[in-house]
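**Q** Quick one, what's the 3D model for this:
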Amino acid sequence: MSGHRHDHAHSLADDLTVMTAMMERRRALKWFAGAGTAALVAGCGGSEASTGTSSAATATTTTTTTATPTPTPTPTATTTGTSATACVADPAETAGPYPGDGTNSASGSTSNILTVDGVVRRDIRASFISSTTVATGVQLTITLTLVNVNSSCAPLAGYAIYLWHCDRQGRYSLYTAAAESYLRGVQVSDANGQVTFTTIFPGCYDGRWPHMHFEVFSSLSNALSGRYSILTSQLALPAAVSSAVYADTTTYPSSANALARVSLSSDGVFGDNTSAQVAQQTPTFSGSVAAGYTAAAIIGIAR
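**A** As a prediction, this is how the structure comes out:
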C-alpha cells in the first residue's frame, strides 16, 4: 500500500515487538501448561505506543458503575457434550498500536473511546464524537457468538465486545484518521451469547492480512470503564471474499496490491496459530460485493 505505507508502519515496525513477544509467550505455554497465560493476556496492547497523530477522545461517559477485576481465563480446548466438534478457545492476540481503549496514547493524550457516550451501538459506520462522517465501503453485518469452551460451548450472555478495524483505505479512526471515531463500537451479548455489528469490509494494508480487532469484557460496566478485558484477539478475513472486495480499486485503492504481498502463513499475528485456531478466527461469509455481506464467527472463551 505504497500511498499509505508510512502511516501503516505499525504492521512492520510498531507491531513487530508485540508480535515477537506474543509468539515467545505461546512457545512458553506449550511447556508450562498455562503458567504464562496471565502475562499473555495482560500484554495484549497494554504497552504499545501509537505512532499516529491524533486528537484523542477525552469526553467521558456518565456511567457510574464500579468495575471489578475479572480473573484471567486459561485457554483450553474441550469437546462439546453433544458432538465431536472441538470447542476451541480463541488465542490472545496483540491489540496493535491503534486500540483506542486507554492502553496507549496519541499526541501525548490517552485515547479511550470506551469511556465516551455513544460507544454502545450496533451500527459502527459513523463517527460520533466530533465528526459525523460515515465510513464508506462494502457493507458487512457480522454476528459474533461468545461461548464457554469449558462448558460444552454454552453461550455467554451479558458479556460486552468491543470491535474495531481500519477503514477502506487502511486508516484507523482516532489515529491515522485522527478526526474520526468511526468503525469502533461495543455490543452486549444476548441470551444466545450473540452480538451483531453493522460495519464495512476493512481494507488491507502492507504487512498485515485483512483483519478485525476485538476485546471481550465480562460485563458492560467493565467495558465502559476501559478496564478488565478478559480477551484481546483478532478475526482473519477470508481470502476469497477479500479478493472479491478489493477488485474494486476505486473503493479500495491499495488493498489488492497489499493483499498480494501477504499471506496468512506470513502474517505476524495469524502465522503461528494452529489450523484449528485459524479456522476459529476466520468468520464464515455469505453475500456479494454488490449486495453486501453477512458474516458469523464463534469466539471461544475459557470461563
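
**Q** Please give the element, helix or strand, for residue 214.
**A** Using DSSP states H and E, the element containing residue 214 is strand 211-217.

**Q** Paired strands for that strand, with orientation please.
**A** Pairing partners of strand 211-217, with direction, according to DSSP bridges: strand 160-164 (antiparallel), strand 231-236 (antiparallel).

**Q** Of those strands, flag the one that's most buried.
**A** Most buried of the strands paired with strand 211-217 by mean neighbour count (mean count of other C-beta atoms under 10 Å) is strand 231-236; its value is a mean of 25. Every residue, glycine included, has its C-beta placed from N, CA and C.

**Q** Could I get the full set of strands for the stretch 101-250 of the chain?
**A** Along the stretch 101-250 of the chain, counting by DSSP state E, counting those that start in this stretch, strands occupy 101-106, 109-112, 139-148, 154-155, 160-164, 184-188, 194-200, 211-217, 231-236.

**Q** The longest one pairs with which strands, parallel or anti?
**A** Next to strand 139-148 in the sheet, as set by DSSP bridges, lie strand 154-155 (antiparallel), strand 194-200 (antiparallel), strand 292-301 (parallel).

**Q** Now do the helices in the chain.
**A** Using DSSP state H, the helices of the chain run over residues 14-32, 37-42, 220-224, 239-246, 255-260, 275-281.

**Q** sorry, back to before: turn the strands paired with strand 211-217 into TSV, including distance to residue 95 and mean pLDDT.
**A** Listed next are the strands paired with strand 211-217 as TSV, based on distance: least, C-beta to C-beta, whole Å; pLDDT from 0 to 100:
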stretch	distance to residue 95	mean pLDDT
strand 160-164	9	98
strand 231-236	5	98
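
**Q** is it possible to export these to a markdown table including distance to residue 299?
**A** Output for the strands paired with strand 211-217, formatted as a markdown table (distance: least, C-beta to C-beta, whole Å):
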| stretch | distance to residue 299 |
| --- | --- |
| strand 160-164 | 8 |
| strand 231-236 | 8 |
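
**Q** Tell me which of the ones you listed approaches residue 151 most closely.
**A** Proximity to residue 151 (C-beta to C-beta) singles out strand 231-236 among the strands paired with strand 211-217, at 15.9 Å.

**Q** Measure how that closest one sits relative to strand 101-106, angle-wise.
**A** Angle, strand 231-236 to strand 101-106, by axes from the mean of the first three to the mean of the last three C-alpha atoms, to 10 degrees: 70 degrees.

**Q** what's strand 231-236 in contact with?
**A** 41, 44-45, 73, 90-95, 99, 209-216, 264, 267, 269-270, 278, 281-283, 297, 299, 301 (C-beta atoms under 8 Å, 6 or more residues apart in numbering).

**Q** quick one: it to helix 239-246, angle?
**A** Orientation check (the same axes, to 10 degrees): strand 231-236 against helix 239-246 gives 70 degrees.

**Q** Take strand 231-236, keep the C-alpha atoms, and write them as PDB.
**A** Only the C-alpha atoms of strand 231-236 are listed here, as PDB (Å, rounded to 0.1, in the frame of the first residue of the first chain):
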ATOM      1  CA  LEU A 231      -9.600 -11.500  25.900                       C
ATOM      2  CA  THR A 232      -8.000  -9.400  23.200                       C
ATOM      3  CA  SER A 233      -7.800 -11.100  19.800                       C
ATOM      4  CA  GLN A 234      -8.400 -10.700  16.000                       C
ATOM      5  CA  LEU A 235     -10.500 -12.100  13.200                       C
ATOM      6  CA  ALA A 236      -8.900 -13.100   9.900                       C
END
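
**Q** Could you list the low-confidence segments of the stretch 1-150 of the chain?
**A** Within the stretch 1-150 of the chain, the segments meeting pLDDT under 70 span 1-86, 106-110.

**Q** still on that earlier bit, residue 223 is nearest to which of the strands paired with strand 211-217?
**A** strand 160-164 (3.7 Å).

**Q** what's that closest one in contact with?
**A** Residues outside strand 160-164 that contact it (C-beta under 8 Å, 6+ apart): 98-101, 114, 119, 124, 142, 144, 146, 172-173, 183-189, 195, 197, 199, 212-220, 222-224, 229, 299.

**Q** Mark which of those residues are buried, thanks.
**A** Among the contacts of strand 160-164, those classed as buried by 16 or more other C-beta atoms under 10 Å are 98-101, 114, 119, 124, 142, 144, 146, 172-173, 183-187, 189, 195, 197, 199, 212-220, 222-224, 229, 299.
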